[in-house]
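*Asks:* A predicted structure for the sequence below; I have some questions about it.
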Amino acid sequence: MSALANRPFVKMNGLGNEILVVDLRDGAPAPTPDETRAIYASGLTFDQLMTLEPPTGDEDFRTRILNLDGSESGACGNGTRCIALLVMQETGKRRLEIGSAGGTLIATAGSAPDLVTVDMGVPRFDWQSIPLAHEVEDTRAVPLEIGPLHNPSVANVGNPHAIFWVDDVEEHDLLTLGPVAEFDALFPERANISLAHVTAPDAITLKVWERGAGLTRACGTAACATAVSAARTGRTGRSVTVTLPGGPLHVLWREDGHILMTGPAETEFTGTFDPAIFAGTAA
Ligand SMILES: N[C@H](CCC[C@H](N)C(=O)O)C(=O)O
């Protein structure tokens, strides 16, 4: 019997990026890839499943990010705002330290009850950190062509991102081009794929094909990766509003290198996992 059977969950979203939160602070094991896929296949759909796990150091708690295909990611911006809001509401705390594979994230309560700011850490741009399959000198414009898309900027913000600069995010068929780019041999760990249209020195429109999840209404790490790439290529300043299909996020790339992402989080419903979901998964 899966340790998840009859366990409660909370369904949330960050700008329409669908997040399923599972509280494992009692030390229960994290969902396996099989169990993650089984939950999604049961009709309890999400883009990412995020856990609450016991702290291993000074942090308040730890989290693990699982895409709907069962793959694990080192970061999830929208999901981090969701779990931070949940624990802030539970504890009354206005600042949380959250441990994750991508590093320690600092979440602070925003100026409105549903707003959260997350320090997403410092981006990395060197080809080995993205990672790319071979050396690329200038990662602001990588030699890659995917149909009509070419020369993306790449960045790692806890997870790998490729950003194609376009004049209209609706002009290209990201549903088709996204997976082709995601699985390109240049990205040994695959990549999240964005179409970005800079509309002003402080404004970007963005559409994202997410690694392991597909088209989503919003992607916080893509907004962060795009914001820092726009700044380092001279397309914008360091403080931008990134407008995704699900709505706007504000991203500030501080002079000390840290990325601050601010946006809403929302609870939709709660429930418990029906044991039948896990009938076919490995014990
Ligand atoms: N939706 C998430 C990104 C999940 C990242 C995942 N798609 C991966 O890197 O594998 C966000 O708001 O940042």
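*Replies:* The structure has been received and is ready for your questions. In this text the structure is predicted, and so the values were computed from the model without any measurement. Numbering: from 1, shown residues only.
*Asks:* identify the residues contacting residue 103.
*Replies:* Counting by C-beta atoms under 8 Å, 6 or more residues apart in numbering, residue 103 touches 121, 158. Every C-beta, even on glycine, is put in place using the N, C-alpha and C of the backbone.
*Asks:* could I get the average pLDDT for stretch 239-256?
*Replies:* Averaged over stretch 239-256, pLDDT sits at 98.
*Asks:* quick one: distance of it to the chain centre.
*Replies:* Relative to its parent chain, stretch 239-256 has a centroid offset of 14 Å by C-alpha atoms, centre = their mean, to the nearest Å.
*Asks:* what comes into contact with it?
*Replies:* Stretch 239-256 has contacts (C-beta under 8 Å, 6+ apart) with 13-17, 77, 123, 202-208, 216-220, 223-224, 226-228, 230-231, 238, 259-264.
*Asks:* same thing but at 7 Å, please
*Replies:* 15-17, 202-208, 217-220, 223-224, 226-228, 230-231, 238, 259-263 (C-beta atoms under 7 Å, 6 or more residues apart in numbering).
*Asks:* any residue of that stretch up close to the ligand?
*Replies:* No - using C-beta under 6 Å from any ligand atom, stretch 239-256 stays clear of the ligand, coming no nearer than 9.1 Å.
*Asks:* endpoints of that stretch, how far apart?
*Replies:* 14 Å (C-alpha to C-alpha, to the nearest Å).
*Asks:* go on, stretch 21-33?
*Replies:* One end of stretch 21-33 sits 15 Å from the other (C-alpha to C-alpha).
*Asks:* residue 27: neighbour count?
*Replies:* As a burial measure, residue 27 scores 8 neighbours (other C-beta atoms under 10 Å).
*Asks:* list the contacts of it.
*Replies:* residue 54.
*Asks:* also residue 204?
*Replies:* Taking C-beta under 7 Å, 6+ apart, one finds 196, 197, 198, 226, 227, 230, 236, 240, 242 in contact with residue 204.
*Asks:* spell out which residues of the stretch 1-150 of the chain are next to the ligand.
*Replies:* Counting by C-beta under 6 Å from any ligand atom, the residues of the stretch 1-150 of the chain near the ligand are 17, 47, 48, 67, 73, 76, 77, 78, 79.
*Asks:* recalculate using a threshold of 8 Å.
*Replies:* Counting by C-beta under 8 Å from any ligand atom, the residues of the stretch 1-150 of the chain close to the ligand are 14, 17, 19, 47-48, 65, 67, 71-80.
*Asks:* in PyMOL, select just the buried ones from those.
*Replies:* Selection of buried members from those for PyMOL, criterion 16 or more other C-beta atoms under 10 Å:
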select buried, resi 14+17+19+47+48+65+67+71+73+74+75+76+77+78+79+80
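*Asks:* related to what we said a few turns ago, list only buried entries from the contacts of stretch 239-256.
*Replies:* For these, buried by 16+ other C-beta under 10 Å: 15, 17, 204-208, 217-220, 223-224, 226-228, 230-231, 238, 259-263.
*Asks:* restricted to helices, list the residues you listed.
*Replies:* Those of the buried ones among the contacts of stretch 239-256 mapping onto helices are 220, 223, 224, 226, 227, 228, 230, 231, per DSSP state H.
*Asks:* ok, the residues you listed vs residue 183, which is closest?
*Replies:* The shortest gap between residue 183 and any of those belongs to residue 226, at 20.6 Å (C-beta to C-beta).
*Asks:* this protein - how does it break down into domains?
*Replies:* Following automatic domain parsing, the chain resolves into domains at 8-121+265-278, 145-255.
*Asks:* so of these, which one's packed in deepest?
*Replies:* Highest mean neighbour count of those: domain 145-255, a mean of 21 (counted as mean count of other C-beta atoms under 10 Å).
*Asks:* for it, measure first residue to last.
*Replies:* End to end - C-alpha to C-alpha - domain 145-255 spans 32 Å.
*Asks:* spatially central residue in this structure, please.
*Replies:* Closest to where the C-alpha atoms of the chain average out (C-alpha atoms, centre = their mean) is residue 76, at 2.8 Å.
*Asks:* I am finished for the moment; much appreciated.
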